[in-house]
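Peer 1: Starting from these lines, generate the structure:
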Amino acid sequence: MAGLGIGPPDFALFDIDDPDACAEALERALQPKLATLADGCLSGLARVAGKELFVHAGKITHRKGTAPEEVLVAFGDSAKGYRGVPVLAVAVTRFHLHARVAVRGESPRRTAMQKAVEREAANLAKKGKPFRKLRPFLDWKNHEELPEVAPAHSPAFWLELAEDLGPGRPGVDVGIAWTREEARSLSLGDLLGVFRDLAPLYKVLANAS
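Peer 2: Now for the predicted structure:
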């Protein structure tokens, strides 16, 4: 994949039949490539976010008898980890590359983030072009067929998103995805450009207090 260092052989790792062998191959071959990609875009993402960011490798989820569905690297403003804090994430699945904004896991910041998105719902709905291909990945089940594009032009969508940020709720995971064929022509600049489009949401979440 031009400019990103991830190509067809990396997507093909998800096709390994044996779940244990698949997990091992992803940890051995794909995670290091995502780490290299993270190093290459960290300074650019920090400029997009308007603050210092720290890189966190996502833990590969591997249930007994089930192959992993996703490998990701997350960028957040906490050096301690990314659970419960807003992150920008690059994820690779069997058929897609993703640029996402997410908050998963509990933290004391969740209530403030919920209220911030509620306040900004109308403004986020007016952003137009940056969110026209936004998809919700929070309850994505099969990791193959993409979820439908979100109605991001509607304040109601953002209010529902805010509701999911409340304590005890599942959180937020939205973003843009490319097929593995489309992703082959992406450059680092293209990836940073999409994160620039997603930045208004990230900044609302990250600056909530």
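Peer 1: make it CA atoms for all contacts and neighbour counts henceforth
Peer 2: Will do.
Peer 1: Flag the shaky bits of the chain, pLDDT-wise.
Peer 2: For the chain, the stretches with pLDDT under 70 are 1-3.
Peer 1: all helices of it, in order?
Peer 2: Per DSSP state H, the chain carries helices over the ranges 8-12, 19-25, 31-49, 110-125, 155-163, 180-183, 188-206.
Peer 1: can I get the ones you listed in a markdown table with mean neighbour count and distance to P136?
Peer 2: Converted to a markdown table, the helices of the chain look like this (neighbours: other CA atoms under 10 Å; distance: least, CA to CA, whole Å):
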| stretch | mean neighbour count | distance to P136 |
| --- | --- | --- |
| helix 8-12 | 15 | 21 |
| helix 19-25 | 18 | 25 |
| helix 31-49 | 17 | 21 |
| helix 110-125 | 20 | 15 |
| helix 155-163 | 19 | 9 |
| helix 180-183 | 17 | 19 |
| helix 188-206 | 19 | 13 |
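Peer 1: can you redo those as JSON lines with distance to G65?
Peer 2: Shown next, in JSON lines, are these (distance: least, CA to CA, whole Å):
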{"stretch": "helix 8-12", "distance to G65": "19"}
{"stretch": "helix 19-25", "distance to G65": "6"}
{"stretch": "helix 31-49", "distance to G65": "21"}
{"stretch": "helix 110-125", "distance to G65": "34"}
{"stretch": "helix 155-163", "distance to G65": "33"}
{"stretch": "helix 180-183", "distance to G65": "26"}
{"stretch": "helix 188-206", "distance to G65": "34"}
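Peer 1: So for A91, which of these sits nearest?
Peer 2: Shortest distance between A91 and the helices of the chain, using CA to CA, is found for helix 31-49: 8.6 Å.
Peer 1: what's that closest one in contact with?
Peer 2: 4-6, 52-55, 57, 71-73, 75, 188, 192, 195-196, 199, 202-203 (CA atoms under 8 Å, 6 or more residues apart in numbering).
Peer 1: any idea of the angle it forms with helix 188-206?
Peer 2: 60 degrees (axes from the mean of the first three to the mean of the last three CA atoms, to 10 degrees).
Peer 1: ok now helix 31-49, how far from the chain's centre?
Peer 2: 13 Å (CA atoms, centre = their mean, to the nearest Å).
Peer 1: likewise stretch 130-144?
Peer 2: 10 Å.
Peer 1: same question, stretch 150-170
Peer 2: Going by CA atoms, centre = their mean, where stretch 150-170 is centred and where its chain is centred differ by 16 Å.
Peer 1: All set, thanks.
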